[in-house]
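Student: sequence isn't available, so here's the structure alone:
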Ligand code: NAP
């Protein structure tokens with residue numbers, strides 16, 4: 001068995017069965033047989049997803065509690081995640097109701113005259129889904145919902161640190177009518193179970209959300225499969241002097257620090273026009289120092305623990321390295337009662353880890369720029385490209401940003417940490433190679449089959 005521990009106090013909060021390579025093989029064979037049976041039609045899949053969304057909506061509190069216990073995510077944020085998972089299932093149900101192919105205008109060419117052609121969308125096959133620890137419910141829903149809509153059985157490998165929400169979601173889907181062999185969970189270490197799953201001949205698609213290092217390695221391990229990667233970033237936010245700093249600081253309090261910064265689109269690099277930077281630093285530091293740090297189960301808590309002590313130490317090392325190289329510490333930068341305090345750093349060199357890599361901790365870095373063009377160039381100077389945010393009241397600058405920023409999403413007058421579950425979500429460069437969101441994921445999970453009469 002795997003013991004799941006509360007990152008806040010180390011208490012065991014649950015156990016799940018540990019799988020090995022033989023279980024992965026059995027799970028893949030089960031999924032393959034479910035696919036071949038072909039007895040779970042589109043309307044039935046839609047009904048399951050609709051019922052599951054209703055059941056989950058009634059159980060937000062209990063799912064949120066599980067999320068908090070296993071991940072250390074503050075309970076208010078966990079409730080928001082559970083609510084979002086209802087949306088994800090609802091949008092997946094809508095896809096199941098509407099998924100269809102299209103006609104091909106055969107008569108449009110002389111060679112096609114007298115023929116009728118159309119395209120069916122058929123399930124890509126068995127999906128291997130691998131998910132990270134930081135959204136243990138909603139990111140699992142983003143794999144399972146679209147796969148059910150598309151007609152693909154799933155073998156799911158959740159993060160070893162946070163498998164409880166995934167087990168609870170699959171139970172809920174079965175209660176809603178999902179055939180029991182449609183989804184199998186294999187919990188176990190990534191380098192054992194994960195590798196066995198990725199290289200197994202049955203899955204046609206590997207849908208992975210996690211770190212760039214693991215994701216791109218999986219891509220190379222499975223050259224003949226479709227591999228969808230949703231990876232990390234060091235998301236930039238550009239702040240023009242005409243923006244309202246109090247509003248932005250209130251947003252960054254959440255965007256840089258909710259779940260202690262452990263979000264793939266956590267706001268990390270904040271570029272502020274040099275004329276306005278001293279004032280922005282003051283407003284932001286004050287806001288960040290007002291965050292409540294502590295027990296994630298308390299309603300008042302804004303920031304809880306990182307997933308492990310080793311991660312907290314890594315983040316602190318990165319802060320200390322930046323300060324050692326001339327950065328200024330404006331808030332936090334130390335541990336208190338075992339928790340890393342929300343940290344604001346200014347003027348770190350661009351090549352230190354704190355700027356150049358994904359920090360995945362409760363830290364934002366404030367950096368200066370002299371012109372809007374320079375801000376765009378600095379934001380683009382990254383190996384990653386998930387979301388970028390820009391605060392400006394100048395429409396021309398907003399449109400220039402939308403055209404120039406090399407990211408999967410450009411958010412005007414919003415932090416890069418915002419995500420709607422129905423949008424096309426994903427990145428460029430090392431941040432990934434796909435788009436999630438039920439409408440888009442269903443298209444990844446189906447193949448086009450051309451039919452001609
Ligand atoms: P991770 O270490 O890459 O783990 C993600 C998943 O991959 C876990 O289930 C992990 O299993 C598994 N895994 C590890 N090694 C593997 C291998 N060799 N083969 C197959 N699977 C393997 O990431 P994490 O620390 O859980 O999550 C944080 C990362 O996810 C961050 O980089 C974050 O930006 C990214 N993320 C991206 C998005 C997005 O949508 N773009 C969303 C959320 C998070 P174990 O748990 O057993 O190690």
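Tutor: Cool, got the structure. Computed from a predicted model, the values in this text were never measured in an experiment.
Student: near the ligand, which residues of the stretch 201-350 of the chain?
Tutor: 209-211, 214, 218, 230-232, 264 (CB under 6 Å from any ligand atom). For every residue, glycine as well, the C-beta is placed using N, CA and C.
Student: can you list these in a markdown table and add neighbour count and secondary structure?
Tutor: Listed next are those as a markdown table, based on neighbours: other CB atoms under 10 Å; DSSP: H, G, I helix; E, B strand; the rest coil:
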| residue | neighbour count | secondary structure |
| --- | --- | --- |
| 209 | 26 | strand |
| 210 | 22 | coil |
| 211 | 16 | coil |
| 214 | 18 | helix |
| 218 | 23 | helix |
| 230 | 27 | strand |
| 231 | 26 | coil |
| 232 | 27 | coil |
| 264 | 29 | coil |
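Student: what two of the residues you listed are the furthest from one another?
Tutor: Farthest pair in those (CB to CB) is 218 and 264. Separation: 16.3 Å.
Student: check whether the longest helix along the chain contacts the ligand.
Tutor: Longest helix of the chain, by residue count under DSSP state H: helix 75-98. No - using CB under 6 Å from any ligand atom, helix 75-98 never reaches the ligand; the gap is at least 11.3 Å.
Student: ok now that helix, how far from the chain's centre?
Tutor: Centroid displacement of helix 75-98 relative to its chain, using CA atoms, centre = their mean, to the nearest Å, is 14 Å.
Student: any buried residues in stretch 275-286, and which?
Tutor: 276-277, 280-281, 283-285 (16 or more other CB atoms under 10 Å).
Student: re the thing from before, quick one: mean pLDDT over the longest helix of the chain.
Tutor: Averaged across helix 75-98, the pLDDT comes to 98.
Student: ok, now stretch 177-184?
Tutor: Rounded mean pLDDT across stretch 177-184 is 98.
Student: now the strands for the stretch 351-453 of the chain?
Tutor: 363-369, 384-385, 387-391, 409-412, 428-429, 446-452 (DSSP state E, counting those that start in this stretch).
Student: would you turn these into JSON lines with mean neighbour count?
Tutor: Formatted as JSON lines, these follow (neighbours: other CB atoms under 10 Å):
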{"stretch": "strand 363-369", "mean neighbour count": "24"}
{"stretch": "strand 384-385", "mean neighbour count": "25"}
{"stretch": "strand 387-391", "mean neighbour count": "28"}
{"stretch": "strand 409-412", "mean neighbour count": "20"}
{"stretch": "strand 428-429", "mean neighbour count": "16"}
{"stretch": "strand 446-452", "mean neighbour count": "13"}
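Student: any idea which of the ones you listed gets closest to residue 106?
Tutor: It is, among the strands of the stretch 351-453 of the chain and with distance given as CB to CB, strand 446-452, at 7.1 Å.
Student: what does that closest one contact?
Tutor: Under the criterion CB atoms under 8 Å, 6 or more residues apart in numbering, residues 99, 101, 104, 106, 115-124, 150-151 lie in contact with strand 446-452.
Student: switch the cut-off to 10 Å
Tutor: By CB atoms under 10 Å, 6 or more residues apart in numbering, the residues outside strand 446-452 that reach it are 95, 99, 101-102, 104, 106, 112, 115-125, 146, 149-152, 204-205, 226.
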